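Enquirer: predicted model, plus sequence, below.
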Amino acid sequence: MAAETLVEPPPSSLSGVARVLVNAGKLTAKSAEELTKSARERKSSFVAALIGAGAIKPDELAHTLAISLALPVMDLNAVDLQKLPRNIVDQKIANQYQLLVLGKRGNRLFIGAADPTDQEAAERIKFATQLTPEWVIVEYDKLIKQIDAQGSSATEVLESMAGGDFDFDVTDEETAAPESADVTADVEDAPVVRFLQKMLIDAINMRASDLHFEPYEYTYRVRFRVDGELREITQPPVAIKDKLASRIKVISRMDIAEKRVPQDGRMKLKFGSKAIDFRVSTLPTLFGEKVVIRILDPSSAKLGIEALGYEKVEKDRLMACIFRPYGMILVTGPTGSGKTVSLYTCLNILNQPGVNIATVEDPAEINLPGINQVNVNDRAGLTFSAALKSFLRQDPDIIMVGEIRDLETADIAIKAAQTGHMVMSTLHTNDGPTTLTRLLNMGVAPFNIASSVLLITAQRLARKLCENCKKPADYPRESMLKAGFKPEDLDGNWRPFRAVGCSMCNNGYKGRVGIYQVMPITEAIQRIILSEGTALDIAKQAQAEGVRDLRQSGLVKVRVGVTTLEEVITVTNE
């Protein structure tokens with residue numbers, strides 16, 4: 001009798017899946033209770049904690065539940081997921097309870113899930129759809145991969161695409177009479193059209209930021225940049241390169257016949273009533289035109305300041321400055337470090353009916369309703385400085401300059417900041433202190449910098465650890481001290497994590513997080529600027545005032561298990 005008591009714990013202490021596994025002998029009652037507690041603390045499902053801890057493999061879990069509960073099992077790899085029914089269950093419910101609608105017959109709705117014992121999910125679905133849910137067990141890793149593949153920012157787009165027409169937003173003007181029959185054939189070649197559509201859809205599914213189409217002498221390569229890392233996707237036939245470049249150019253409003261000089265353009269994909277913008281750049285190479293397409297995701301500007309990765313003290317400093325009536329805020333970092341998203345997030349917070357906001361960019365990447373956006377056009381004489389001069393005659397409250405590249409633009413921006421306007425801009429410098437010396441080297445007067453710049457934030461993007469497969473790491477104490485940790489930092493009860501890699505991530509990483517140095521310009525720093533002090537003097541004063549440099553901010557992310565020490569060293573290694 002004692003043994004039976006251990007095998008069958010009280011129903012109130014364990015979830016349905018835990019109880020099934022204990023009864024099947026796949027898990028001890030103690031382990032089940034510990035995993036239940038861990039899941040509750042992490043606010044995740046028991047199945048996620050179970051698989052994440054490696055207590056059981058996803059396929060073994062699925063078959064154990066199928067035998068114990070007499071339910072069918074389905075292999076998601078054998079299903080055409082694009083043909084599954086859409087819009088029956090709200091996507092938020094599907095994501096919350098980690099389930100997939102597989103089909104509908106009469107008043108029965110077949111639901112794929114890794115946890116068929118979830119009564120709350122069953123009741124929500126029944127109430128929302130007025131259909132009776134019938135559970136089908138699927139393997140957890142394949143289920144999560146499919147849910148993630150839909151992409152949080154592209155979910156609505158893909159749902160609309162499945163239910164409506166997929167088409168490029170091309171006007172008659174853009175496709176006006178190509179110059180020859182050969183060009184017409186290149187543009188309208190059906191296999192090329194289908195291939196391009198598939199590449200764009202796959203890129204959106206994978207949350208890629210860029211697509212690279214690269215011609216070489218004997219090969220043609222397609223790569224996607226996912227989480228900041230380029231990954232080779234496929235190698236189509238070399239013969240496709242000219243036709244594909246022509247197809248992209250005609251829908252991006254470029255000159256199809258011109259292949260000798262670089263060109264820039266934009267295109268839009270329509271998915272039913274939804275649309276996604278792409279920025280396109282072509283570059284003549286030895287063996288043909290290389291094409292890079294950047295996906296412009298408007299939802300990234302609406303994530304909110306919390307989603308960008310600012311620590312509380314950094315966020316408080318930034319928020320205190322953006323609501324000031326006038327002054328200048330500068331965002332610095334290399335190309336691809338998320339500067340534009342940070343600026344747009346701030347603009348989105350400030351975007352109110354009573355505020356006049358104007359931006360000048362090269363080009364405007366994200367369209368935000370309520371903000372007057374201008375594209376630089378050097379050939380027409382519309383430079384950053386010319387646009388800024390025009391803005392000042394249009395009664396703006398807030399001005400955003402895409403980049404300060406020269407003294408003229410810097411002077412006008414600083415004068416605008418001194419005359420009652422909030423000015424935000426970017427600079428390509430490594431950190432906060434060197435930004436101030438860069439302005440001095442441009443020729444901006446020290447007193448103008450000291451009186452106008454309110455705050456500088458430098459940033460990098462680091463890859464986030466996959467929550468499903470990350471494992472504790474054992475780094476030598478000397479290595480951690482060398483990386484920048486202080487001896488007292490290593491005394492606490494915490495351990496860093498390392499990347500492992502699983503079917504749900506990219507080599508142990510999934511998504512990216514910002515690392516920030518947020519440096520307010522205090523009176524002490526103003527005095528250093530006025531005395532023409534060096535970047536080292538400014539950095540020393542900022543440290544004394546509690547401003548973390550980029551490496552220190554990255555180490556905070558390591559301590560809380562968001563990223564790895566290797567990733568922080570890589571992105572902050574100046």
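Expert: Yep, that arrived. Values in this document were obtained by computation on a predicted structure and should not be read as measured data.

Enquirer: which intervals of the chain have sub-threshold pLDDT?
Expert: Scanning the chain for pLDDT under 70 picks out the ranges 1-13, 81-83, 86-87, 148-189, 271-274, 298-304, 574.

Enquirer: what's the longest helix in it?
Expert: helix 190-205 (DSSP state H).

Enquirer: tell me which residues in that helix are buried?
Expert: 192-193, 195-196, 199-204 (16 or more other Cβ atoms under 10 Å). To be clear about C-beta, it is placed using only N, CA and C from the backbone, and glycine gets the same treatment.

Enquirer: how about the helices of the stretch 451-574 of the chain, start to end?
Expert: Secondary structure of the stretch 451-574 of the chain (DSSP state H, counting those that start in this stretch): helices at 477-483, 523-530, 535-544, 550-559, 565-571.

Enquirer: reformat these as CSV; add mean neighbour count and distance to Ala122.
Expert: Shown next, in CSV, are the helices of the stretch 451-574 of the chain (neighbours: other Cβ atoms under 10 Å; distance: least, Cβ to Cβ, whole Å):
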stretch, mean neighbour count, distance to Ala122
helix 477-483, 13, 48
helix 523-530, 16, 60
helix 535-544, 17, 55
helix 550-559, 21, 38
helix 565-571, 20, 41
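
Enquirer: all strands of the stretch 1-150 of the chain, in order?
Expert: For the stretch 1-150 of the chain, the strands defined by DSSP state E, counting those that start in this stretch occupy 73-74, 99-105, 108-113, 132-138.

Enquirer: Met328: which of those strands is closest?
Expert: Across the strands of the stretch 1-150 of the chain, Met328 has its closest neighbour in strand 99-105 (49.2 Å, Cβ to Cβ).

Enquirer: which helices and strands sit right next to that closest one?
Expert: helix 91-97, strand 108-113, helix 140-150 (3 or more Cβ pairs under 8 Å, 6 or more residues apart in numbering; DSSP states H and E).

Enquirer: dump these into CSV; add distance to Ala275 and mean neighbour count as well.
Expert: Output for the helices and strands packed on strand 99-105, formatted as CSV (distance: least, Cβ to Cβ, whole Å; neighbours: other Cβ atoms under 10 Å):
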stretch, distance to Ala275, mean neighbour count
helix 91-97, 19, 15
strand 108-113, 30, 21
helix 140-150, 18, 20
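
Enquirer: residues contacting Lys415?
Expert: With contacts defined as Cβ atoms under 8 Å, 6 or more residues apart in numbering, Lys415 is in contact with no residue.

Enquirer: confirm that it sits in a helix.
Expert: Yes: if the criterion is DSSP: H, G, I helix; E, B strand; the rest coil, then Lys415 is within a helix.

Enquirer: against Met328, how distant is it?
Expert: To Met328, Lys415 is 10 Å away according to Cβ to Cβ, to the nearest Å.

Enquirer: same thing with Ala29?
Expert: For Ala29 relative to Met328 (Cβ to Cβ), the value is 62 Å.

Enquirer: what of Asp537?
Expert: 21 Å.

Enquirer: swap in Arg498?
Expert: Distance from Arg498 to Met328, by Cβ to Cβ: 41 Å.

Enquirer: one step back: higher neighbour count, Ala29 and Met328?
Expert: Using other Cβ atoms under 10 Å, the more surrounded residue of Ala29 and Met328 is Met328, with 30 against 19.

Enquirer: beta-bridge partners for the more buried one, please?
Expert: The partner list for Met328 in beta bridges (DSSP bridges) reads Val423, Val453.

Enquirer: and stretch 338-356, how far out from the chain middle?
Expert: Centroid displacement of stretch 338-356 relative to its chain, using Cα atoms, centre = their mean, to the nearest Å, is 18 Å.

Enquirer: one more: stretch 396-404?
Expert: For stretch 396-404, the distance to the chain centre is 24 Å (Cα atoms, centre = their mean).

Enquirer: distance between the ends of it?
Expert: Separation of the first and last residues of stretch 396-404 by Cα to Cα, to the nearest Å is 19 Å.

Enquirer: where exactly do the strands run in the stretch 351-500 of the chain?
Expert: Ranges of strands in the stretch 351-500 of the chain, per DSSP E, counting those that start in this stretch, are 357-361, 372-375, 398-401, 422-427, 453-465, 471-472, 497-498.

Enquirer: got the CA coordinates for the first one in CSV?
Expert: Below are the C-alpha coordinates for strand 357-361, written out as CSV (Å, rounded to 0.1, in the frame of the first residue of the first chain):
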residue,chain,number,x,y,z
ILE,A,357,6.4,66.0,-34.9
ALA,A,358,8.6,66.2,-38.0
THR,A,359,11.3,63.7,-39.1
VAL,A,360,13.9,63.8,-41.9
GLU,A,361,15.5,60.5,-42.7
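
Enquirer: just checking: what are the partner strands of that strand?
Expert: Here, using DSSP bridges, strand 357-361 pairs with strand 372-375 (parallel), strand 398-401 (parallel).

Enquirer: how about it: buried residues?
Expert: Across strand 357-361, burial judged by 16+ other Cβ under 10 Å covers 357-361.

Enquirer: ok, which pair from those is furthest apart?
Expert: Top of the distance list for those (Cβ to Cβ): Ile357 and Glu361, 12.7 Å.

Enquirer: overlap in contacts of those two?
Expert: Met400.

Enquirer: and stretch 487-502, what's buried?
Expert: In stretch 487-502, counting by 16+ other Cβ under 10 Å, buried: 496-499, 502.
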